[in-house]
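> let me see the structure of the following:
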Amino acid sequence: MGEEWLDAKEYEKSKKKAKKAQSAKAFTVLVVLGAFLLAAFLYSQSGLAHATYDGPQASEEFAECITDSGAIFYGAFWCSHCQNQKALFGNSIEKINFIDCGASEDACTRAGITAYPTWIIGGEKYLGTQSLETLAELTGCGLSKAG
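Numbers count the residues shown, from 1 in each chain. Just a heads-up that it's a prediction; the model follows:
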């Protein structure tokens with residue numbers, strides 16, 4: 001009977017040890033995941049993730065014409081393709097009617113946006129990064145480039 005009691009005690013000890021080891025593993029996984037998510041967020045906010053484009057950029061007049069045509073550019077701050085699209089406009093991007101779906105989820109849901117970037121021009125959706133030439137053709141705006 002004494003041996004049975006000892007075996008039960010040892011069993012409980014090993015059970016507690018296994019539970020502690022499992023908790024430590026789960027904690028480690030959560031810490032690593034949290035660190036990764038924090039690093040990804042900080043990287044996206046640092047400006048390092050923003051695309052650069054060395055070619056000619058759209059002029060302010062071209063960007064204003066696109067906006068005047070009723071075109072809307074939907075995207076998200078974390079979307080690399082959206083950053084590439086913005087880079088084509090350079091500083092003229094400020095003239096474009098841009099809706100950040102990260103900040104305006106409701107507006108994007110109502111517009112039926114399911115991917116980024118998406119342009120809505122003349123009631124039609126155009127998915128993906130659009131060249132300046134394509135945007136000129138779709139909006140009827142004369143393409144003029146700055147720089």
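> residue ranges in the chain under the pLDDT threshold?
Scanning the chain for pLDDT under 70 picks out 1-6, 39-55, 144-147.
> how does it divide into domains?
Annotated domains of the chain cover 1-49, 57-146 [automatic domain parsing].
> redo those domains as TSV? Include mean neighbour count.
From N, CA and C alone the C-beta is placed, and that goes for glycine too. Shown next, in TSV, are the domains of the chain (neighbours: other CB atoms under 10 Å):
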stretch	mean neighbour count
domain 1-49	10
domain 57-146	17
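> OK, contacts around residue 136?
The neighbourhood of residue 136, defined by CB atoms under 8 Å, 6 or more residues apart in numbering, consists of 62, 142-143.
> just the helices from this protein, written as ranges.
Applying DSSP state H to the chain gives helices spanning 2-46, 60-68, 80-89, 105-110, 132-139.
> indicate which one of these is closest to residue 117.
helix 80-89 (4.6 Å; CB to CB).
> elements contacting that closest one?
Judged by 3 or more CB pairs under 8 Å, 6 or more residues apart in numbering; DSSP states H and E, the packing partners of helix 80-89 are strand 57-58, strand 72-75.
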